[in-house]
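Student: Prediction below, plus the sequence it came from.
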Amino acid sequence: VQDNQVVYSKETEWDVTNPDPDYHYNAIMAALKIAKDALPRVDAIGASATGTVGANNEATWCDIFPNVPPAVYKAKVVDIFNRMSRDLCGDVPLKVINDGEVTALAAVQKIGKGNILGISMGSSEGGGYANAEGNLMGWINEMCYI
């Protein structure tokens, strides 16, 4: 989005069952490079992901990588968002949050009120909560296995 206009939007087919984290990295990066090429510059990156995303954009547990073995996940997936951002755009600000939190923030923007429970439906059910002021609380909001 640039100046409130959609510049690029595309769904990309991708096999989330693939156990190779390099496959995921390369598939996501290919789509991001196309998006980057549609823009005059990238000042910052904002993203959402299923599962639990840490305060420093770590993929603490994301079910978009369900078959990556635990030791490999820790070595190659936990920092995947930070690596992608650096490799794509260098040292620009990055913020990745849970997809349910994005849903809650979108509702706050749409209706102009807080105390919002956002629910996102995708590979599972995600949820996020924005307080009365419309702010996220910093809680782990993943609801898919409740």
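Tutor: Good, I have the coordinates. Numbering: from 1, shown residues only.
Student: which stretches of the protein have low pLDDT?
Tutor: Scanning the chain for pLDDT under 70 picks out the ranges 123, 140-146.
Student: need the strands for this structure, in chain order.
Tutor: 45-49, 52-53, 59-61, 94-98, 116-121, 125-130 (DSSP state E).
Student: Dump these into a markdown table; add mean neighbour count and distance to residue 107 as well.
Tutor: In short, each C-beta sits where N, CA and C put it, glycine included. Formatted as a markdown table, these follow (neighbours: other CB atoms under 10 Å; distance: least, CB to CB, whole Å):
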| stretch | mean neighbour count | distance to residue 107 |
| --- | --- | --- |
| strand 45-49 | 17 | 14 |
| strand 52-53 | 20 | 19 |
| strand 59-61 | 19 | 24 |
| strand 94-98 | 20 | 14 |
| strand 116-121 | 17 | 5 |
| strand 125-130 | 21 | 7 |
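Student: Any chance of JSON lines for the ones you listed, columns distance to residue 15?
Tutor: Output for those, formatted as JSON lines (distance: least, CB to CB, whole Å):
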{"stretch": "strand 45-49", "distance to residue 15": "17"}
{"stretch": "strand 52-53", "distance to residue 15": "22"}
{"stretch": "strand 59-61", "distance to residue 15": "17"}
{"stretch": "strand 94-98", "distance to residue 15": "21"}
{"stretch": "strand 116-121", "distance to residue 15": "20"}
{"stretch": "strand 125-130", "distance to residue 15": "21"}
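Student: Of those, which is nearest residue 23?
Tutor: Of all these, it is strand 59-61 that lies closest to residue 23, at 15.0 Å by CB to CB.
Student: Okay, now the sheet partners of that closest one, with direction.
Tutor: strand 52-53 (antiparallel) (DSSP bridges).
Student: Let's check: the centremost residue of this protein is which one?
Tutor: Most central in the chain under CA atoms, centre = their mean is residue 48, positioned 2.0 Å from the mean C-alpha point.
Student: ok, so what distance separates that residue from residue 72?
Tutor: The gap separating residue 48 from residue 72 is 23 Å, by CB to CB, to the nearest Å.
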